[in-house]
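Participant: Sequence and predicted structure below; questions after.
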Amino acid sequence: AQSVTQLDSHVSVSEGTPVLLRCNYSSSYSPSLFWYVQHPNKGLQLLLKYTSAATLVKGINGFEAEFKKSETSFHLTKPSAHMSDAAEYFCVVSESQAGTALIFGKGTTLSVSS
Amino acid sequence: DAGVIQSPRHEVTEMGQEVTLRCKPISGHNSLFWYRQTMMRGLELLIYFNNNVPIDDSGMPEDRFSAKMPNASFSTLKIQPSEPRDSAVYFCASSFEQGAISDTQYFGPGTRLTVL
């Protein structure tokens, strides 16, 4: 069975400092992994996705994530936080061989202070 | 492309009333998903259609919930009768799938449902 665990429910950073949002997954097959962002009262927007190509995935707005099979991790990073990055971030797993339903983590709220 | 379109954006109703949520997927996408988001349970998949056929409805909470996809460009999620515990944000998403490979799911803006 597949699952995803976001290790922090809330992360606070100062503007201009690095961002690290942690995610671990469990999957029986080769997973597809995604990070989605949800700004307040908005829908979900895809930040980036991993589908068994390059292990370092670059997304929008300067975010990137690295797939580490040995650690079953897919952490999201950004070198320098911006105020507009404040949002809820979801790590998501999908097993392409077992259907296409997405399994969402519980989310990490990112706060950015000036 | 206008993206996934959902209506209404907000719905306030009274317990016992019928509620119908609507979704128009991205043109050319052949899969459609209904999700529910609550503080307690996070994001949950309710039902998934592929080529207008329901494939997995195991997430539908009970018989009060029903979903249809009469054609490739329209889907509805109906709750009858509605209850206060149905209050949530309901998201529709669509994607293109070919065989066992699924493309990215694109989400609509959601419908915020409040049942009094």
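Facilitator: Yep, that arrived. The shown structure was predicted, so the numbers you read here are calculated from the model rather than taken from an experiment. Numbers count the residues shown, from 1 in each chain, chains lettered A, B, ... in the order given.
Participant: Measure how buried residue 3 is and give me the count.
Facilitator: Here I'm looking at chain A. 11 (other C-beta atoms under 10 Å in any protein chain shown). The C-beta positions use only the backbone N, C-alpha and C, and glycine is treated the same way.
Participant: Chain B, not that one
Facilitator: 14.
Participant: Against A:Ser14, how distant is B:Glu97?
Facilitator: 42 Å (C-beta to C-beta, to the nearest Å).
Participant: now for the worst-scoring helix or strand of chain A on mean pLDDT, which elements pack on it?
Facilitator: One helix or strand of chain A scores below all others by mean pLDDT, DSSP states H and E: strand A:103-104, with a mean of 86. Contacts defined by 3 or more C-beta pairs under 8 Å, 6 or more residues apart in numbering or on different chains; DSSP states H and E place strand A:103-104 against strand A:3-6, strand A:87-95, strand B:42-50.
Participant: Relative to A:Lys42, which of those strands is closest?
Facilitator: Closest to A:Lys42 of these is strand A:87-95 (C-beta to C-beta; 8.3 Å).
Participant: now, of the helices and strands packed on strand A:103-104, which is deepest in the fold?
Facilitator: Of the helices and strands packed on strand A:103-104, the one with the most neighbours on average (mean count of other C-beta atoms under 10 Å in any protein chain shown) is strand A:87-95, at a mean of 22.
Participant: In contact with B:Thr114: list those residues for me.
Facilitator: B:His10, B:Glu11, B:Val12, B:Thr13, B:Ser87 (C-beta atoms under 8 Å, 6 or more residues apart in numbering or on different chains).
Participant: Tell me the strands beside the next helix or strand after the least confident helix or strand of chain A, with direction?
Facilitator: Toward the C-terminal end, the helix or strand that comes next after strand A:103-104 (DSSP states H and E) is strand A:108-113. If you go by DSSP bridges, strand A:108-113 pairs up with strand A:10-14 (parallel), strand A:87-95 (antiparallel).
Participant: Any buried residues in strand A:108-113, and which?
Facilitator: Neighbour-count burial for strand A:108-113, counted by 16 or more other C-beta atoms under 10 Å in any protein chain shown, picks out A:Thr108, A:Leu110, A:Val112.
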